[in-house]
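Sequence and predicted structure below; questions after.
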Amino acid sequence: MDRRDGETIRARGVDRRAFLKAGGAAGLAVVAGGLEGILASGTPPAYAQPTELHLLHSISFIPEGDVELRRQIAEYNRQMKTAVRLETINLNDLQARITAAIQSRTGADVILMAHNWPHLYQNALADVSDLCEWKAKDQGGYFPQAEAAAREGKRWLALPYDIVGLLIAYRRSWFADVGVREPPRTLDEYRRIGAALKTKGRPIGQTLGHTLGDAPAWAYPLLWAFGGAETDPSGKKVALNSKGTIESVKWMVAFWREACDEGALAWDDTNNNRAFHANEISATLNGASIYIFAKRNPDKIKDDTGAPMWRDIAHFPIPDGPQPTPGYHIPISHAVLKYSQNPQLAKEFLRWLHAKEQFGKWFEIEEGFSVGATTFWEHHPIWGTVDDAMKAYRTAAQASRMFGYAGPSSGRATEVYSKFIIVDMYAKAVQGMAPAAAVKWAESELKKIYEA
């Protein structure tokens, strides 16, 4: 398995304690003493200086979204006479860049954060409670997952931006070829369907690699579907090694062997998109990008008959296991770094960017890939115009759970995610480790984090 995209916190030489220290108080130098002080210092007054702001994002799976974001930033710069600069990098490189910036206390002023990363970096992040309270009041309140990802007690660590819904994209005609007209309701049904499809050379594509979205968004709900949990409700005692967890691993081993493309072990978040569009897999857990890209590129993305593929794509949530299965959808937020020399400008810019007018334009271009971090966007008129295949994404964020269950979201839960322990528990088992041994290994790794 290729680990380069999944370099973890400690692999970079930074442990959790170093992270929590990395963001100490950052003061701003203020030139005082009026004109005499300015002349003596040789520094022009602040309002005469060009004002710059560096914004770091991951590259969007909806390219048109990045085009709109750049357009909005250019508009803001013209209006406000500022120089906000957007930098985009590969999704799986983002966390390493955050680590490096905090260690060196240099880098982007505002950084996009996925999952509950703000908890891990909280000592390095400026308090944005005022912004978060404004947005909640203005846009209907946050979905619980967005709040859990970005809030620690009364303090907001980051401003929730959106939630990326993840559902299973599938080929309707291929499912029909094995007698399936409706999406499966249980994991066992899904396994049987996948097995029938694999015999026809149309396997399910599911990564268990060190990649930001698709692997953990499958592994964590699978754990929950069988009643498994990382910790007890206090979040202090590891509770992973249970009958339910072992059963979930056993199920995954059988599913992998019977239904999945076994070459998908180390896929990143782009491999399954390409495999789906190449008619190599029948289904995969993903955001809406597979469908949206296929629809916007009908001459490029065709099915096995030569017709535009998008017409044959639909979506369903991860089916239920022995227990109802909450999905995992990726919360995205903006964090202001304490080392920033322009924290006030950063907050002003974010208030403008997150306002209904700007976010609404970007939201419409995303066309359902983003479901919004607040409940206001669930009722946006776009949901009345999107294709039937996209309508399931509208309410995806309602049925989502955060890392760390059954305990609270925390920096420790973020570290478990960042080290891909839950994902690796399943990956080790499908590669031959006994399920009970894989669970015991993961339990040991969790104890190093939660009970240290």
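Done, it's in.

okay, CA-based contacts and neighbour counts for the rest of this
Will do.

what's the distance between residue 93 and residue 210?
11 Å (Cα to Cα, to the nearest Å).

which is the next helix or strand following the helix or strand containing residue 162?
For residue 162, the host element (DSSP states H and E) is strand 159-164. As assigned by DSSP H and E, the chain's next helix or strand after strand 159-164 is strand 167-171.

packing partners for that following strand?
Judged by 3 or more Cα pairs under 8 Å, 6 or more residues apart in numbering; DSSP states H and E, strand 167-171 is in contact with strand 283-286, strand 313-316.

what's the neighbour count on residue 194?
25 (other Cα atoms under 10 Å).

what's around the nearest residue to it once chain neighbours are set aside, how many residues?
Leaving aside its chain neighbours, residue 194 sits nearest to residue 259 (4.4 Å; criterion: Cα to Cα, 6 or more residues apart in numbering). For residue 259, the neighbour count with other Cα under 10 Å is 23.

In this structure residue 115 contacts residue 331, no?
Yes - Residue 115 lies in contact with residue 331 (Cα atoms under 8 Å); the separation is 5.2 Å.

joint contacts of these two?
residue 149 (Cα atoms under 8 Å, 6 or more residues apart in numbering).

Helix, strand, or coil at residue 304?
coil (DSSP: H, G, I helix; E, B strand; the rest coil).

any idea how far it is from residue 279?
Shown here: residue 304 relative to residue 279, a distance of 7 Å by Cα to Cα.

Please apply the same query to residue 303.
Counting by Cα to Cα - residue 303 and residue 279 are separated by 6 Å.

more neighbours, these two?
Higher neighbour count among residue 303 and residue 279: residue 303, with 19 against 15, using other Cα under 10 Å.

so that one sits right up against residue 311, yeah?
No - using Cα under 8 Å, residue 303 makes no contact with residue 311, being 9.2 Å away.

re the thing from before, out of the helices and strands packed on strand 167-171, which one sits most buried?
strand 283-286 (a mean of 26; mean count of other Cα atoms under 10 Å).

quick check, distance from that strand to the centre of its chain.
Here strand 283-286 shows a centroid-to-chain-centroid distance of 15 Å under the convention Cα atoms, centre = their mean, to the nearest Å.

One more: stretch 213-224?
With Cα atoms, centre = their mean, you get 12 Å for stretch 213-224.

Now do that stretch, average pLDDT.
When pLDDT is averaged along stretch 213-224, the result is 97.

How about stretch 251-263?
pLDDT averaged over stretch 251-263 gives 97.

Contacts for that stretch, please.
191-198, 203-206, 281, 426, 429-430.

Mind doing that once more with 6 Å?
191, 194, 195, 198, 203, 204, 205, 430 (Cα atoms under 6 Å, 6 or more residues apart in numbering).

mind listing the helices for the stretch 301-450 of the chain?
According to DSSP state H, counting those that start in this stretch, the stretch 301-450 of the chain carries its helices in the segments 343-354, 356-366, 411-418, 421-430, 435-450.

actually the stretch 101-250 of the chain, not the one I wrote
Secondary structure of the stretch 101-250 of the chain by DSSP H, counting those that start in this stretch: the helices cover 117-120, 129-138, 144-150, 172-177, 187-199, 214-225, 243-259.

so how far is the longest one off the chain centroid?
Put plainly, it is helix 243-259. How far helix 243-259 lies from its chain's middle: 24 Å, per Cα atoms, centre = their mean.

What residues sit buried inside that helix?
244-253, 255-256, 258-259 (16 or more other Cα atoms under 10 Å).

try the second one
Using 16+ other Cα under 10 Å as the burial criterion, the residues of helix 129-138 that qualify are 129, 131, 132, 135, 136.

May I ask which helix or strand of this structure has the lowest mean pLDDT?
Within the chain, no helix or strand scores below helix 34-41, which has a mean of 33 by mean pLDDT, DSSP states H and E.

element containing the closest residue to residue 77 other than its chain neighbours?
Leaving aside its sequence neighbours, residue 77 sits nearest to residue 83 (Cα to Cα, 6+ apart; 5.7 Å). For residue 83, the host element (DSSP H and E) is strand 82-89.

ok, residues contacting that strand?
51, 52, 53, 54, 55, 56, 57, 58, 59, 77.

rerun that using 7 Å as the cut-off
50, 51, 52, 53, 54, 55, 56, 57, 58, 59, 73, 77 (Cα atoms under 7 Å, 6 or more residues apart in numbering).

cool, and stretch 52-61?
66, 82-91, 94, 108-112, 289, 346.

chain center to that stretch: distance?
That offset, for stretch 52-61, works out to 15 Å (Cα atoms, centre = their mean).

Okay, buried residues for that stretch please.
52, 53, 54, 55, 56, 57, 58, 59, 60, 61.

Local confidence estimate at the second one?
pLDDT, residue 53: 96.

part of a helix, is residue 276?
Yes - assessed with three-state DSSP, residue 276 lies in a helix.

Distance of residue 341 relative to residue 186?
Counting by Cα to Cα - residue 341 and residue 186 are separated by 52 Å.

Likewise for residue 423?
21 Å.

Settle it for me: which of the two has more neighbours?
residue 423 (24 against 17).

wait, doesn't that one sit right on residue 206?
No - Residue 423 lies out of contact with residue 206 (Cα atoms under 7 Å); the separation is 11.6 Å.

how deep is residue 344 tucked in, by neighbour count?
11.

hang on, the earlier thing: contacts for the strand holding residue 162?
So strand 159-164 is contacted by 128, 131-132, 146, 150, 287, 329-335, 354, 369-373 (Cα under 7 Å, 6+ apart).

swap the cut-off to 8 Å and go again
By Cα under 8 Å, 6+ apart, the surrounding residues in contact with strand 159-164 are 128, 131-132, 146-147, 150, 287, 329-335, 354, 369-374, 397.
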